[in-house]
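**Q** Here is a sequence together with a model predicted from it:
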Amino acid sequence: MADWNYESILAVLPLFLTSGLGAPAFAVGLVEGIADGSSAAVRLWSGWYSDRIAWRKRLGVAGYATTAAGFGTLVAINAWPLVVVARGLAWMGRGLRQPVRSSMLAGSVERQDLGKAFGFHEALDTLGALAGPAMAFLLLSTGHGFRSIFWAALVPGALCFLLFGLLTRDPRRGPAQRPAVREALPGGFRRLVTAVAVFGAGNFAPAFFTLRAAEMLTPSLGHAAALSGAVLFYLFHNAIGAAASFPGGWLADRFGKQKVLAGAYTAFVLACLVALVGTGAGAVALLAVPVGVYRPLVDATEQSLTGSLVPEHATGTAFGVLGAVNGAGDLVSSVATGLLWSSVGSWAGLGYGALLGLAGAVLLLLLVRRPQLVAAGQVLG
């Protein structure tokens, strides 16, 4: 439900900004960057705090409610700077719940199955995300405006935090512990975060791929049809992501999480290159493949690798740090890409992403060894 809510909005938000509110491409980067930066700050606190309490679920419910409320304000917004506020509030809610949800999931499965568990979770998330863009495409292609999509998204947004509150429970835990920084952030995890930070500095918001898809389609389809085509592209790459998530998690458990994560980083680089040189509907369809593969695999494998590198009672802190580093990287990458896109051209933003994405993949393979299973009190250096 959460993905249905926000993916229906994210599928059209860059188009709403540029075509609906007349904002420049830089505004897309600013909106996405500030949202991710806000989320990063909240994730760091949420993860740290969740390791010190026995009722993580309440933080999750509050996070889902905040996301729904933030995106709900879009129905009344008429100026793009206000979108910064709405998007930031929504993603602060996501930052509040994400380390909590990841810790609850990690505490519910055996450690040797973390890759499959997070892959399965990403697959379900992505399946939910198919409904949102499909709804947006249907409304947009039948003559409804962007605000009709925002109104329709309110329903799954309200349902998601109600269902989370009713259907989930906190896994059984021992007494809350206060792990030292070294224990919560062992050497293997710190090396992972270094590679994640480099990749994250180039891993711009997927909104730019949607913008680029519209650019690639406009010469042959015209502006109006290109907007619908860009939403269809969003739906298509989500479908590919749903299909790739669980097999990717299985491969991570079987052959090494760091190798699968490096492959996901490389898929992002390939996506940048296809977007850089491609034109027309065929290239847009091809672009959906690496975009669909890299997004869920990066999220799932970074989290499962984190769960393998830190002791169980420190997972909240570690997931919070991972989320904060990702959010800070998203802030840098989205603002930098938006500036390059607006001032130089889309090729500059895409090239910037490809270079840092490749650097992140190389660093990951050089710095991060295949982790051994970590017992509850054990620290890997």
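**A** Perfect, I can see it now.

**Q** Which strands or helices does the helix or strand hosting Asp330 pack on?
**A** Assigned by DSSP states H and E, Asp330 belongs to helix 315-343. In terms of contacts (3 or more Cβ pairs under 8 Å, 6 or more residues apart in numbering; DSSP states H and E), helix 315-343 is packed against helix 25-50, helix 80-106, helix 181-184, helix 187-202, helix 207-221, helix 280-309, helix 346-367. In short, each C-beta sits where N, CA and C put it, glycine included.

**Q** That helix: which residues count as buried?
**A** Using 16 or more other Cβ atoms under 10 Å as the test for burial, helix 315-343 gives 315-342.

**Q** For the stretch 101-250 of the chain, which residues score under the pLDDT cut-off?
**A** Applying pLDDT under 70 to the stretch 101-250 of the chain flags the ranges 107-117, 119-124, 126-128, 170-184.

**Q** Tell me which other helices or strands the longest helix along the chain touches.
**A** Looking only at the chain and at elements set by DSSP state H, the helix with the highest residue count is helix 223-255. Applying 3+ Cβ pairs under 8 Å, 6+ apart, we find helix 223-255 packed against helix 13-15, helix 114-141, helix 207-221, helix 257-277, helix 280-309.

**Q** Leu232 is nearest to which of these?
**A** Closest to Leu232 of those, according to Cβ to Cβ: helix 114-141, at 5.5 Å.

**Q** re earlier: of all the helices and strands packed on helix 315-343, which lies closest to His144?
**A** helix 207-221 (18.0 Å).

**Q** Specify the angle between that closest one and helix 280-309 in degrees.
**A** Using axes from the mean of the first three to the mean of the last three Cα atoms, to 10 degrees, the inter-axis angle of helix 207-221 relative to helix 280-309 is 170 degrees.

**Q** list the buried ones in helix 207-221?
**A** Applying 16+ other Cβ under 10 Å to helix 207-221 flags 207-218, 221 as buried.

**Q** before we move on, what about stretch 218-232?
**A** Buried residues in stretch 218-232 (16+ other Cβ under 10 Å): 218, 221, 226-232.

**Q** got the CA positions of whichever strand or helix holds Val61 in CSV?
**A** Per DSSP H and E, Val61 falls inside helix 56-72. Extracted in CSV, the C-alpha atoms of helix 56-72 (Å, rounded to 0.1, in the frame of the first residue of the first chain):
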residue,chain,number,x,y,z
ARG,A,56,9.9,-0.3,17.2
LYS,A,57,6.5,-0.8,15.7
ARG,A,58,5.2,2.6,16.9
LEU,A,59,7.9,4.4,15.1
GLY,A,60,7.0,2.5,11.9
VAL,A,61,3.3,3.5,12.2
ALA,A,62,4.3,7.2,12.7
GLY,A,63,6.5,7.0,9.7
TYR,A,64,3.9,5.6,7.4
ALA,A,65,1.4,8.2,8.6
THR,A,66,3.8,11.1,8.0
THR,A,67,4.5,9.9,4.5
ALA,A,68,0.8,9.8,3.6
ALA,A,69,0.2,13.2,5.1
GLY,A,70,3.2,14.8,3.3
PHE,A,71,2.1,13.5,-0.1
GLY,A,72,-1.5,14.4,0.6
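
**Q** Distance from the chain centre to that helix, please.
**A** Its chain's C-alpha centre and that of helix 56-72 lie 16 Å apart, by Cα atoms, centre = their mean, to the nearest Å.

**Q** Would you mind pulling the contact partners of it?
**A** 2, 5-6, 9, 46, 49-50, 53, 86-98, 100-101, 103-104, 150, 153-154, 157-158, 160-161, 164-165, 168-170, 316 (Cβ atoms under 8 Å, 6 or more residues apart in numbering).

**Q** for stretch 41-51, same thing?
**A** Outside stretch 41-51, the residues touching it (Cβ under 8 Å, 6+ apart) are 56, 59, 63, 92, 95-100, 103, 176-179, 184, 313-321, 323-324, 327.

**Q** Just the buried positions in it, please.
**A** Those would be 42-44, 46-51, for stretch 41-51 by 16+ other Cβ under 10 Å.

**Q** shouldn't Val368 be in contact with Arg191?
**A** Yes: using Cβ atoms under 8 Å, Val368 is in contact with Arg191, at 5.4 Å.

**Q** State the number of residues packed around Gly88.
**A** For Gly88, the neighbour count with other Cβ atoms under 10 Å is 19.

**Q** give me the number of residues near the residue lying closest to it once chain neighbours are set aside?
**A** Excluding the flanking residues, the one nearest Gly88 by Cβ to Cβ, 6 or more residues apart in numbering is Ser38, at 4.5 Å. Ser38 has 23 neighbours, counted by other Cβ under 10 Å.

**Q** more crowded one of Val368 and Arg191?
**A** Val368 (24 against 19).

**Q** any idea how far that one is from Phe16?
**A** Noted for Val368: a distance of 39 Å to Phe16, by Cβ to Cβ, to the nearest Å.
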